[in-house]
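**Student:** Predicted coordinates and the sequence they were generated for:
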Amino acid sequence: QQKRLEKGKVRFFNESLRLQIIRERFLSDRLVTAIDDNELRLVFQPIVKSKTEEVVGLEALLRWRLDGEEVSPVEFIPIAEQYGMIKSIGLWVLEEACQQILTLSKSTKNLTVSINVSIIQLQDKDFVTHVRRLLTQLKFEPSRLHIEITESVFATDKSTLMTQIKALQEMNIEICIDDFGTGYSSLASMQNLGVDIVKIDKSFIDKINNSGSNIVHAVMQISQSMGYQVVAEGVETLEQVNKLNEIGVHFLQGYYFSKPLEVEQLNNYLGNHLK
Ligand code: C2E
Ligand code: MG
Ligand code: MG
Ligand code: MG
């Protein structure tokens, strides 16, 4: 009896693993041609100044529509990283984001654009050169570009990363730690890498009315002493907005203000929300 159960379990495990491998292969195959097949697009989520709720920036978020179905970046970015597509996709994101921002109406001249950059891209020795060339070519003001990096980067080869980050900062690009508080963070590496912006992870904002508030306070104090700007991500309620304002967090981002917007919606949204 017991043996049969165990066998069943093994078979079930193999079956779900098998399906997972099939899906991964399918997605990686299709991702190779996703750019050429026009399946990728960017959506943009506003970032607001907390006191005035004035929109100051937009985060570009990648979308993949595959045969009519949206595949989440949470699923396909790791596949792109694993199967060698992240560099070309990353460059596409950079160029597309800057270009889209440049096509917005004139009143948006001061908006920043944040892009998410994978550790693999950042470690590529040609990355900085690519960025510099593209910004020059598009005449895109480097200080308007923010590069978001997920904290897990701090776990790997730090000296290459520090060199790359410094080179980007010397161009006046701002570096942001994404999802701060999750993964392999340490205050020491935060200091060593000398970032400009810290984005507090949504999980702490979710808990802001109980255990999360101490953490947000602490991150705020450390950031202020180091001269970092702080963004709260995943802000969904007025209650959270008030609390974050009370703590003094500089910038807010989340569904409370806006979900990520399609390019076609941007000018209209900004027309109503720029001060
Ligand atoms: P992230 O950079 O931390 O982006 C924030 C995610 O939270 C986005 O999910 C956004 O849509 C979502 N979000 C924003 N506000 C709220 C809110 O109030 N409530 C809730 N529930 N969610 C909110 P998305 O677009 O699915 O992206 C997930 C992750 O995929 C991103 O996390 C980022 O790590 C990665 N990603 C997205 N685009 C790119 C890209 O172009 N390149 C790379 N390397 N990674 C990307
Ligand atoms: Mg991000
Ligand atoms: Mg992230
Ligand atoms: Mg994040």
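**Tutor:** Yep, that arrived. Ligands and ions are numbered 1, 2, ... in the order given.
**Student:** Please count neighbours and contacts with C-alpha atoms only from this point.
**Tutor:** Noted.
**Student:** any idea how far ligand 4 is from residue 135?
**Tutor:** The gap separating residue 135 from ligand 4 is 24 Å, by CA to the ion, to the nearest Å.
**Student:** helices or strands next to the helix or strand residue 42 falls within in the packing?
**Tutor:** According to DSSP states H and E, residue 42 maps onto strand 40-49. Where contact means 3 or more CA pairs under 8 Å, 6 or more residues apart in numbering; DSSP states H and E, strand 40-49 is packed against strand 55-66, helix 86-102, strand 251-253, strand 261-262, helix 263-273.
**Student:** Please repeat the previous calculation with a cut-off of 7 Å.
**Tutor:** strand 55-66, strand 251-253, strand 261-262 (3 or more CA pairs under 7 Å, 6 or more residues apart in numbering; DSSP states H and E).
**Student:** Those strands: which one's closest to residue 172?
**Tutor:** strand 55-66 (16.1 Å; CA to CA).
**Student:** Please report phi then psi for the closest residue in space to residue 195 that isn't next to it in sequence.
**Tutor:** Excluding the flanking residues, the one nearest residue 195 by CA to CA, 6 or more residues apart in numbering is residue 175, at 5.3 Å. Note on residue 175: backbone dihedrals following degrees, to the nearest 10 are phi -110, psi 130.
**Student:** ok, now which ones touch residue 175?
**Tutor:** Listed by CA atoms under 7 Å, 6 or more residues apart in numbering, the contact set of residue 175 reads 146-148, 195-197.
**Student:** In strands, which of those residues fall?
**Tutor:** Under the assignment DSSP state E, the contacts of residue 175 contribute 146-148, 197 to strands.
**Student:** could those residues go into CSV alongside pLDDT and distance to residue 220?
**Tutor:** Supplementary listing: these in CSV, determined by pLDDT from 0 to 100; distance: CA to CA, whole Å:
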residue, pLDDT, distance to residue 220
146, 98, 20
147, 97, 20
148, 96, 18
197, 95, 11
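**Student:** The residue in the stretch 51-200 of the chain that ligand 4 sits nearest to and ligand 1: what is the separation?
**Tutor:** Per CA to the ion, residue 179 is where the stretch 51-200 of the chain lies closest to ligand 4, at 4.1 Å. In this view, residue 179 and ligand 1 are 6 Å apart by CA to the nearest ligand atom, to the nearest Å.
**Student:** How about the secondary structure of that residue?
**Tutor:** Following DSSP: H, G, I helix; E, B strand; the rest coil, residue 179 is assigned to strand.
**Student:** Kindly report the same for residue 37.
**Tutor:** When classified by three-state DSSP, residue 37 comes out as coil.
**Student:** ok, it - how many residues close by?
**Tutor:** 11 (other CA atoms under 10 Å).
**Student:** What parts of the stretch 51-200 of the chain come near ligand 1?
**Tutor:** Contact residues (CA under 6 Å from any ligand atom) of the stretch 51-200 of the chain with ligand 1: 61-62, 72-74, 77, 93, 116-118, 178-179.
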